[in-house]
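Engineer: Just a sequence and a predicted model for now, questions to come.
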Amino acid sequence: MITRVCEAIEQRKIIEFQYDNRFRVVEPYCVGESSRGNVVLRAYQIEGESSSGNPIGWKLFDLSKLSNLTITSRKFSLIQPDYNPNDRGMVKIICNL
């Protein structure tokens, strides 16, 4: 899973997946290790559902909770203006834009 998500980041491809029984469509930006030792994905959600009620915006996903991952053929070219490649939600960066 880590390798596939990192490939999507490198190629700037939009990914789709199920998370907390909700469908998500995101621009993946960074994969790393959280302070709790979980491998997480920082992504900008562009479509789908969210438990917070706000489906659009920055989200942090635990990769172990993702299912039905699909790397789409759709690409994103613009980097979201508030993207931080030194994500404070991660103690170790595995891959990023």
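Structural biologist: Right, received. Where do you want to start?

Engineer: hey, let's count contacts and neighbours off CA atoms from now on
Structural biologist: Fine.

Engineer: need the contact list for the nearest residue to Leu41 once chain neighbours are set aside.
Structural biologist: Nearest residue to Leu41, sequence neighbours excluded (C-alpha to C-alpha, 6 or more residues apart in numbering): Val31, at 4.5 Å. Contacts for Val31 (C-alpha atoms under 8 Å, 6 or more residues apart in numbering) come out as Ile2, Val5, Cys6, Val39, Val40, Leu41, Arg42, Ile93, Ile94, Cys95, Asn96.

Engineer: Quick check: phi and psi on the closest residue to the third one other than its chain neighbours?
Structural biologist: Right, the one you point to is Cys6. Leaving out its chain neighbours, the residue that sits closest to Cys6 by C-alpha to C-alpha, 6+ apart is Cys95, at 6.0 Å. Note on Cys95: its backbone torsions stand at phi -160, psi 150 [degrees, to the nearest 10].

Engineer: Check the gap between the residue nearest to Leu41 and Ser77 for me.
Structural biologist: 19 Å (C-alpha to C-alpha, to the nearest Å).

Engineer: Show me what stretch 62-70 is in contact with.
Structural biologist: Met1, Ile2, Ile15, Glu16, Phe17, Gln18, Tyr19, Asp20, Asn38, Val39, Val40, Leu41.

Engineer: Shouldn't the residue nearest to Leu41 be within a helix?
Structural biologist: No. The assignment for Val31, made by DSSP: H, G, I helix; E, B strand; the rest coil, is strand rather than a helix.
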